[in-house]
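Colleague: below is the sequence, then the predicted model.
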Amino acid sequence: MSRVILINLIRFILLVFIQVFLLKNIALYNLSTPYFYILFILLLPFEIPNLLLFLFAFILGLTIDAFYDTPGLHAASCVLLAFVRILFISITVQKEGFDNEPEPTVSIMGFRWFFTYALVLTLFHHFFLFNLEVFRFSEIRYTLTRVILSSIFTVFLMLITGLLFYRSKERK
């Protein structure tokens with residue numbers, strides 16, 4: 001159990017560091033901004049209690065908010081992401097499979113499942129985040145363009161990371 005805690009602590013620090021110091025100033029034509037830090041919430045183990053998941057999501061969002069100077073936008077978006085994660089996993093993964101599949105990674109769950117999982121959750125996160133940021137219906141076309149392009153960029157980074165760092169395993 002302590003190994004899982006250590007891995008997730010290192011993952012948290014590393015993803016926040018990458019987001020804040022490498023990806024914060026990357027924006028393609030002010031339309032596509034990667035929010036790679038949400039990978040932390042996506043990769044948390046299946047058996048994590050919901051209350052702990054919401055707490056981790058809130059802490060992650062507050063940490064990013066502190067560096068981005070956005071009071072509560074990322075925290076709210078991360079908590080919504082945690083909620084959608086619970087719904088998505090309860091719909092797509094059988095309860096008996098939790099023992100054999102401890103966490104949702106590309107190597108354990110397969111490319112197609114992970115791609116769908118990452119894309120759906122990223123779209124929810126980005127849609128909520130960008131709508132909170134703009135908070136105007138008059139700019140919905142611009143906001144939707146940002147949501148789609150940023151989601152594609154973020155999921156692309158997640159898939160590259162998943163394919164680079166995880167070993168290929170046979171799914172049972």
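Modeller: On my side now, so go ahead.
Colleague: quick one: the helices in this protein?
Modeller: 2-17, 39-42, 50-68, 73-92, 106-109, 111-134, 140-165 (DSSP state H).
Colleague: what's the last one packed up against?
Modeller: Counting contacts by 3 or more CB pairs under 8 Å, 6 or more residues apart in numbering; DSSP states H and E, the secondary-structure elements packed against helix 140-165 are helix 39-42, helix 106-109, helix 111-134. For every residue, glycine as well, the C-beta is placed using N, CA and C.
Colleague: try it again at 6 Å.
Modeller: helix 111-134 (3 or more CB pairs under 6 Å, 6 or more residues apart in numbering; DSSP states H and E).
Colleague: report the angle between the helix it packs on and helix 73-92.
Modeller: Counting by axes from the mean of the first three to the mean of the last three CA atoms, to 10 degrees, helix 111-134 points 150 degrees away from the direction of helix 73-92.
Colleague: going by neighbour count, which residues of helix 111-134 are buried?
Modeller: Residues of helix 111-134 classed as buried by neighbour count (16 or more other CB atoms under 10 Å): 113-115, 117-131.
Colleague: name the helices or strands packed onto it?
Modeller: If contacts are counted by 3+ CB pairs under 6 Å, 6+ apart, helix 111-134 sits against helix 73-92, helix 140-165.
Colleague: which outside residues touch it?
Modeller: With contact meaning CB atoms under 6 Å, 6 or more residues apart in numbering, helix 111-134 is reached by 38, 73, 77, 80-81, 84-85, 106, 143, 146-147, 150-151, 154-155, 158.
Colleague: put the alpha carbons of it into PDB.
Modeller: Extracted C-alpha coordinates of helix 111-134, given in PDB (Å, rounded to 0.1, in the frame of the first residue of the first chain):
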ATOM      1  CA  PHE A 111      -5.600   1.500 -25.900                       C
ATOM      2  CA  ARG A 112      -9.200   1.800 -27.100                       C
ATOM      3  CA  TRP A 113     -10.700   1.900 -23.600                       C
ATOM      4  CA  PHE A 114      -8.100   4.300 -22.300                       C
ATOM      5  CA  PHE A 115      -8.500   6.600 -25.300                       C
ATOM      6  CA  THR A 116     -12.200   6.800 -24.800                       C
ATOM      7  CA  TYR A 117     -11.800   7.300 -21.100                       C
ATOM      8  CA  ALA A 118      -9.200  10.100 -21.500                       C
ATOM      9  CA  LEU A 119     -11.100  11.800 -24.200                       C
ATOM     10  CA  VAL A 120     -14.500  11.800 -22.500                       C
ATOM     11  CA  LEU A 121     -13.100  13.000 -19.100                       C
ATOM     12  CA  THR A 122     -10.900  15.600 -20.800                       C
ATOM     13  CA  LEU A 123     -13.800  17.000 -22.800                       C
ATOM     14  CA  PHE A 124     -15.800  17.400 -19.600                       C
ATOM     15  CA  HIS A 125     -13.000  19.000 -17.700                       C
ATOM     16  CA  HIS A 126     -12.100  21.400 -20.500                       C
ATOM     17  CA  PHE A 127     -15.700  22.300 -21.300                       C
ATOM     18  CA  PHE A 128     -16.400  23.200 -17.600                       C
ATOM     19  CA  LEU A 129     -13.000  25.000 -17.200                       C
ATOM     20  CA  PHE A 130     -13.300  27.200 -20.300                       C
ATOM     21  CA  ASN A 131     -16.900  28.000 -19.700                       C
ATOM     22  CA  LEU A 132     -16.100  29.100 -16.100                       C
ATOM     23  CA  GLU A 133     -13.200  31.100 -17.500                       C
ATOM     24  CA  VAL A 134     -15.200  33.000 -20.100                       C
END
